[in-house]
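K.L.:
Sequence and predicted structure are below.
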Amino acid sequence: MSAKTKRRAYLDKLEARIDQYRAEMDKLRAKARESHADVRIHIDERLDELAERREKLEDRLASAREAGEEAWVEVREGLEEAWLDLQDSLSRAAEEFKQRSEGAEDDADLYRMEERSRS
């Protein structure tokens with residue numbers, strides 16, 4: 001396999017990862033819509049930040065497709081670093097969503113119990 005073919009395969013694989021990432025963001029956003037308002041607002045803000053990062057990575061990916069062989073090593077390292085950062089950020093956002101959702105459910109349960117005790 002030639003260096004150019006390997007490079008193209010790497011970039012295609014990264015592009016597929018970004019597409020999967022976009023789908024995960026969409027799933028998380030859909031779950032957030034079903035949550036309490038404060039959770040939804042916070043997660044939407046985080047996902048908007050992540051969408052901006054994803055767009056920057058997509059721009060870097062497009063630039064990488066045009067980069068010369070001499071610049072390729074640096075470009076690849078930068079792409080990999082940006083991808084790992086983005087992936088880690090989405091994982092943290094998903095965990096944060098889970099924790100906030102559980103907390104909101106606990107708050108809602110507490111509120112319902114308080115309402116029942118007042119009745």
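P.N.:
Received the coordinates, thanks.
K.L.:
The strand or helix carrying Leu47: which residues count as buried?
P.N.:
For Leu47, the enclosing helix or strand under DSSP states H and E is helix 37-66. Buried positions in helix 37-66, judged by neighbour count with 16 or more other Cβ atoms under 10 Å: 39-40, 42-43, 46-47, 50, 54, 57, 60-61, 64. Heads up, the C-betas are built off the backbone N, CA and C, glycines and all.
K.L.:
State the distance from the spatially most central residue of the chain to Lys27.
P.N.:
Central residue of the chain (Cα atoms, centre = their mean): Leu90, 3.5 Å from the mean position. Separation of Leu90 from Lys27 (Cβ to Cβ, to the nearest Å) stands at 11 Å.
K.L.:
How about Trp83?
P.N.:
Going from Trp83 to Lys27 by Cβ to Cβ gives 19 Å.
K.L.:
Who has more neighbours out of those two?
P.N.:
Legend: neighbour count by other Cβ atoms under 10 Å for Trp83 and Lys27, higher for Trp83 (18 against 11).
K.L.:
Distance-wise, check Ser91 relative to Phe97.
P.N.:
Plainly put, Ser91 is 11 Å away from Phe97 if you go by Cβ to Cβ.
K.L.:
I'd assumed Ala16 was in contact with Trp83.
P.N.:
No. Taking contacts as Cβ atoms under 8 Å, Trp83 lies outside contact range of Ala16: 11.6 Å.
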